[in-house]
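> Turn this into a structure:
(one chain, ligands or ions: 2)
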Amino acid sequence: MPKAANKRKRQTFAIAILAAGKGTRLKSRLPKVLHEIGGKPLLAHVVAAAAQVVPAQNIFAIVGHEADRVRAALEATGISFVLQREQRGTGHAMMEARAALTGFEHVLVLSGDVPLIAPATLTRVRDFHTQNNAAMTVLTAEPPDPTGYGRVFRRVVKGKPTDEIDRIVEQKALRGNETKQREINSGVYAFATGPLYEHIGKLGTDNAHHEYYLTDIAELLRKAKKKVVALKADEPAEVLGVNTRMEMAELDARLRARKARALMEAGTTIFRPETCDIDEDVTIGTDTVIEPHVQLIGRTKIGANCRIRSYSVITNCEIGENVLILPGCILDDSVVRNGARLGPYSRLRPGCDIGEGAHVGNFVETKKTRLGRGSKANHLTYLGDAEIGAGVNVGAGTITCNYDGVNKYTTTIEDGAFIGSDTTLVAPVRVGRDAYVGAASCITEDVPQDSLAVARGRQVNKEGWAKERRAKVNAARK
Ligand code: UD1
Ligand code: CA
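Ligands and ions are numbered 1, 2, ... in the order given. Presented below is the predicted three-dimensional model:
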């Protein structure tokens, strides 16, 4: 092989993510790696970090417990999957991935349940591993409380610990003084695939869980005179694992605090960040103000100069600039354009498009509705499957009757129309440009442009009727 090609092969890295376990300690029906923190499955966080380091097709998630669900949840990332049919330990998971990984010179191994790992740390591990020409590199850390983690014991030369690892001991196997060991195994490793697969067959199951521990390979490789080194993470919080729901809540809080900090650093005001839930993938423009107790979920994008008042929950929405969202709005999968004003207590169900400068007021529910530029629906209204033009005024208590129990129909209201309060619009129906609909009308037929439609019973006043009735009632009582 020519020298250049040889060098290229030497540096090929795959990433394997261990994600086949059940997560017994969560006591859940959902596989552990699909539990969400920061609004995303644990495994999705790990995949996102991995994808910053190697191309997606070189990432292999090892799945097993509820493999189909895990695969379906991560399909869109373009990574590959390896099936570990039976979960017989982290070492066994790597045995099962042999065919997928042997074509690569090295493999970085990550855990699906260590979600805060940063891409920069992965490249540090990779570089330390190749610089040391190591067979195995273990990312370690010294968190304040090491309980539950495997501990890393370094080789000591002349009383000083070296970079080289002697062995890794699981929490349950620690004896006597060993429990005092503070340096933990993060579950993040780099391996040269040659020595890994040459020696992996020697792993045994003589341990508390009767499983093949990947951690035991450290001692096996060392005994085979291969180099096994440790690299300590700068930030122990980055390698915290999730084994219990308590730990999940802690990591979720950490992620959200980190997200809020990043947003504030980039120019968003968040008054009580600890009360807000802002998902990892949310973006917010400059000088937008987020009041306490706001939730911004999924792929929500908010422009500059907006104000999102308390108790609003916004999921997968695109909000323009200068938008005011008053308290208590619930918005799903919709677009809100520049200068619009919503709430208090507006409900946008999926598929709405609220135009520039439009107003949607209190107790107004919309679904699959386009409200044109400058149009207003301010009070107690239901707009479903509606196409509403610009400059339309929708009076209080208006209802689009879009459903006949079987099918859904569209209501169209053209530019400049005025819909009086308490109107019901029985779809399919169209109100023409600049037309008026009288209050309390039940509109069942199209209203031509520039006309007035009144569709209600005429008022009848019966003079003296109430007085006569009172007299009758009083007479009957005597
Ligand atoms: C593991 C390490 C421990 C380390 C800790 C860091 C072992 C034996 N121990 O312990 O030293 O401190 O991680 O977080 O490796 N998995 C599979 N297939 C299996 C079993 C597990 O894919 O058969 C996956 C799990 O889904 C999980 C990861 O491997 O994502 C780690 O397994 P887990 O059981 O959580 O190991 P820990 O007890 O945390
Ligand atoms: Ca774990």
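> Taking the stretch 51-200 of the chain, what residue is nearest to ligand 2?
Using CB to the ion, the single residue of the stretch 51-200 of the chain nearest to ligand 2 is Asp113, 4.5 Å away. Every residue, glycine included, has its C-beta placed from N, CA and C.
> contacting residues for that residue?
Each residue near Asp113 by CB atoms under 8 Å, 6 or more residues apart in numbering is listed here: 19, 21, 23, 32-33, 42, 187, 241-243.
> which of these are buried?
Buried members of these, scored by 16 or more other CB atoms under 10 Å, are 19, 21, 23, 32-33, 42, 187, 241-243.
> and the protein, which residues reach ligand 1?
18-21, 62, 64, 84, 87-90, 92-93, 111-114, 149-150, 168, 170, 184-187, 213-215, 241, 243 (CB under 6 Å from any ligand atom).
> In contact with Val63, which residues?
Val63 makes contacts with 19-20, 70-71, 81-84, as judged by CB under 8 Å, 6+ apart.
> For this protein, give me the ranges with low pLDDT.
1-11 (pLDDT under 70).
> Run through the helices of it in chain order.
Remark: helices assigned in the chain by DSSP state H are 3-10, 42-50, 67-74, 90-96, 98-101, 119-131, 193-199, 217-223, 245-265, 465-477.
> Could you check how far the second one is from the centre of its chain?
To tie it back to what came earlier, the one meant is helix 42-50. Put simply, helix 42-50 sits 12 Å off its chain's centre (CA atoms, centre = their mean, to the nearest Å).
> If you count contacts, what does that helix end up packed against?
strand 13-19, strand 59-63, helix 67-74, strand 106-111, helix 119-131 (3 or more CB pairs under 8 Å, 6 or more residues apart in numbering; DSSP states H and E).
> now with 6 Å?
strand 13-19 (3 or more CB pairs under 6 Å, 6 or more residues apart in numbering; DSSP states H and E).
> Can you tell me which residues in the stretch 101-250 of the chain are near ligand 2?
Residues of the stretch 101-250 of the chain lying close to ligand 2 by CB under 5 Å from the ion are 113, 241, 243.
> can you redo those as TSV with distance to Tyr197?
TSV is the format used below for these (distance: CB to CB, whole Å):
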residue	distance to Tyr197
Asp113	24
Gly241	26
Asn243	28
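> burial of His65, as a residue count?
For His65, the count of nearby residues is 18 (other CB atoms under 10 Å).
> got the contact list for it?
Contacts for His65 (CB atoms under 6 Å, 6 or more residues apart in numbering) come out as 22, 31.
> for it, phi and psi?
Backbone torsions of His65, given as degrees, to the nearest 10, read phi -60, psi 120.
> could we number from 52 for the rest of this?
Shifting the count to begin at 52 puts that one at His116.
> how about the closest residue to the residue of the stretch 102-251 of the chain closest to ligand 2 other than its chain neighbours, what does it touch?
Residue nearest to Asp164 in three dimensions, not counting chain neighbours: Val293, with 4.7 Å by CB to CB, 6 or more residues apart in numbering. Contacts here follow CB under 6 Å, 6+ apart; on that basis Val293 touches 164, 299, 302.
> And the second one, how far from Ala169?
Counting by CB to CB, to the nearest Å, the gap between Met299 and Ala169 amounts to 19 Å.
> With neighbour numbers in mind, choose between the two.
Set side by side, Met299 and Ala169 show more neighbours around Met299, with 20 against 15, by other CB under 10 Å.
> and Glu369, how far is that from Val415?
Counting by CB to CB, the gap from Glu369 to Val415 is 19 Å.
> the more surrounded of those two?
More neighbours surround Val415 than the other of Glu369 and Val415, with 26 against 16 (other CB under 10 Å).
> For beta bridges, what are the partners of that one?
Ser397 (DSSP bridges).
> That one against Ala428, yeah?
Yes: between Val415 and Ala428 there is a contact at 5.2 Å, judged by CB atoms under 6 Å.
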